[in-house]
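Participant: Quick one, fold the following:
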Amino acid sequence: MKQPQKIIPFLIAAAALLILPLLLQGFGSAWVRIADMALLYVLLALGLNIVVGYAGLLDLGYVAFFAIGAYMYGLLASPHLTDTFPAIAAIFPDGLHTPIWIVIPAAAAIAGFFGVLLGAPTLRLRGDYLAIVTLGFGEIIRVFLNNLDHPVNITNGPKGLNQIDALSFFGLNLGKNVSVGGFELTSVQLYYYLFLALVVFSVVICHRLELSRVGRAWMAIREDEIAAKAMGINTRNLKLMAFGMGATFGGVSGAMFASFQGFISPESFSLMESVMIVAMVVLGGIGHLPGVILGAVLLSALPEVLRYVAGPLQAMTDGRLDSAILRQLLIALAMISIMLSRPRGLWPAPDHGKSLQNGK
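Facilitator: Numbering: from 1, shown residues only. A predicted model of the protein is given here:
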């Protein structure tokens, strides 16, 4: 009897997630886009949770991998390279239209390579020093993307890349509406189901990693690196693996973001994005998958929902306060309130801190 009782909540949650975009479409496509972006941030938070939550390595430059994946897809699925380089145009006269089967593995591989590249020189750093180095890495990537438009125009600089192809597979173009059984699914709804499939796949991977020997070793490093090394754990390789695994999630998320938006620029990958992703992991419950997902959904959807609150507040002040500033203020107050009342996060791991409580 216990097994069916455990399955029923999952079936209810699955049914709710499947019909959610159909319900949100009744309020407008903007709400479906909010759900799409929330799923993308869940994917990013799951990747960062491997680095921060499992291995205990503070990474403030995680948005760099997001940018690498986005620009990789943007360059392979937009007319920029063929318009800039005649040699590439001669090889691909019909333009670069990279299929999804190449995009996702390539985004994961390239971002994972840069993740290992970041991890290699930071193996002996901990805490604040590691945070400063990763923060600098994120800013370096953004500056490079902003300035690689001369002498050779690779990234198109601050103007960004546009006319990026929507994803397509099996003849299905996610950039166009599709009729299924008499129902018309819009482009944003199709992207929702793709992002949902990626999130489910990522949750399964993260859960298996958490229960594996590698996951246990990461947690041992997080709790006490010296003790883990004394027990024979190869901390160097495991740290590099954590950076590489976490970066792959960021790369895939970036590729999906570029295809979904159809336009990318360096402004989309600022330091504030990294801070928000870290906040999602910490606010939800560091190292706990349900908590990380909850934190990502709340912090990604909250700014959009608060648009409807900031407008009336701005009217009450006769327009003296900008609505965008009010939104940021309300988000900051909400985060402070939650962390004061729930210092371990909204949904913390049940085993975390148990030994401390028993010791008292």
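
Participant: alpha carbons only for contacts and neighbour counts from here, please
Facilitator: Noted.

Participant: what residue ranges in the stretch 201-350 of the chain score low on pLDDT?
Facilitator: 323 (pLDDT under 70).

Participant: Now with 80, please.
Facilitator: 304-328, 330, 350 (pLDDT under 80).

Participant: try the stretch 51-200 of the chain
Facilitator: 170-171, 180-182.

Participant: please redo it, this time with the cut-off set to 90
Facilitator: In the predicted model of the stretch 51-200 of the chain, residues 58, 89, 91-105, 119, 121-128, 150-151, 168-173, 175-184 satisfy pLDDT under 90.

Participant: Please, where are all the helices along it?
Facilitator: For the stretch 51-200 of the chain, applying DSSP state H, counting those that start in this stretch gives helices covering 63-76, 80-84, 86-91, 100-119, 127-147, 187-211.

Participant: Quick one: closest of these to Val309.
Facilitator: For the helices of the stretch 51-200 of the chain, the distance to Val309 is smallest for helix 187-211, at 24.8 Å, taking CA to CA.

Participant: For the next helix or strand after that closest one, buried residues please.
Facilitator: Note on helix 187-211: by DSSP states H and E, the next helix or strand toward the C-terminus is helix 213-223. The neighbour-count check on helix 213-223 (16 or more other CA atoms under 10 Å) flags Val214, Gly215, Ala217, Trp218, Met219, Ala220, Ile221, Arg222 as buried.

Participant: ok, now stretch 125-139?
Facilitator: So, applying 16+ other CA under 10 Å, buried residues of stretch 125-139: Leu130, Ala131, Ile132, Val133, Thr134, Leu135, Phe137, Gly138, Glu139.

Participant: Make CSV out of those residues and add distance to Thr248.
Facilitator: Shown next, in CSV, are those (distance: CA to CA, whole Å):
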residue, distance to Thr248
Leu130, 20
Ala131, 19
Ile132, 21
Val133, 20
Thr134, 16
Leu135, 18
Phe137, 16
Gly138, 15
Glu139, 19
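
Participant: ranking the helices of the stretch 51-200 of the chain by burial, who's on top?
Facilitator: helix 63-76 (a mean of 27; mean count of other CA atoms under 10 Å).

Participant: and it, what does it pack onto?
Facilitator: In terms of contacts (3 or more CA pairs under 8 Å, 6 or more residues apart in numbering; DSSP states H and E), helix 63-76 is packed against helix 100-119, helix 127-147, helix 235-261, helix 271-284.

Participant: Just the CA atoms of whichever helix or strand comes after the shortest one, as PDB, please.
Facilitator: Note on helix 271-284: by DSSP H and E, the next helix or strand toward the C-terminus is helix 289-305. Written as PDB, here are the backbone C-alpha positions of helix 289-305 (Å, rounded to 0.1, in the frame of the first residue of the first chain):
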ATOM      1  CA  LEU A 289      16.600  19.100  -5.100                       C
ATOM      2  CA  PRO A 290      13.000  20.000  -4.200                       C
ATOM      3  CA  GLY A 291      14.200  23.100  -2.400                       C
ATOM      4  CA  VAL A 292      16.400  24.200  -5.200                       C
ATOM      5  CA  ILE A 293      13.500  23.800  -7.700                       C
ATOM      6  CA  LEU A 294      11.200  25.700  -5.400                       C
ATOM      7  CA  GLY A 295      13.700  28.600  -5.000                       C
ATOM      8  CA  ALA A 296      14.300  28.800  -8.700                       C
ATOM      9  CA  VAL A 297      10.500  28.900  -9.500                       C
ATOM     10  CA  LEU A 298       9.800  31.600  -6.900                       C
ATOM     11  CA  LEU A 299      12.700  33.900  -7.700                       C
ATOM     12  CA  SER A 300      12.200  33.700 -11.400                       C
ATOM     13  CA  ALA A 301       8.500  34.200 -11.400                       C
ATOM     14  CA  LEU A 302       8.300  36.700  -8.500                       C
ATOM     15  CA  PRO A 303       9.800  39.700 -10.400                       C
ATOM     16  CA  GLU A 304       7.200  39.200 -13.100                       C
ATOM     17  CA  VAL A 305       4.300  38.900 -10.700                       C
END
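
Participant: Mind listing what's buried along the next helix or strand after helix 289-305?
Facilitator: Using DSSP H and E, the helix or strand that directly follows helix 289-305 along the chain is helix 307-316. Of all the residues in helix 307-316, those buried under the rule 16+ other CA under 10 Å are Ala310, Gly311, Leu313, Gln314.

Participant: can you tell me how far the second one sits from Asp318?
Facilitator: Just to be clear, that refers to Gly311. Separation of Gly311 from Asp318 (CA to CA, to the nearest Å): 11 Å.
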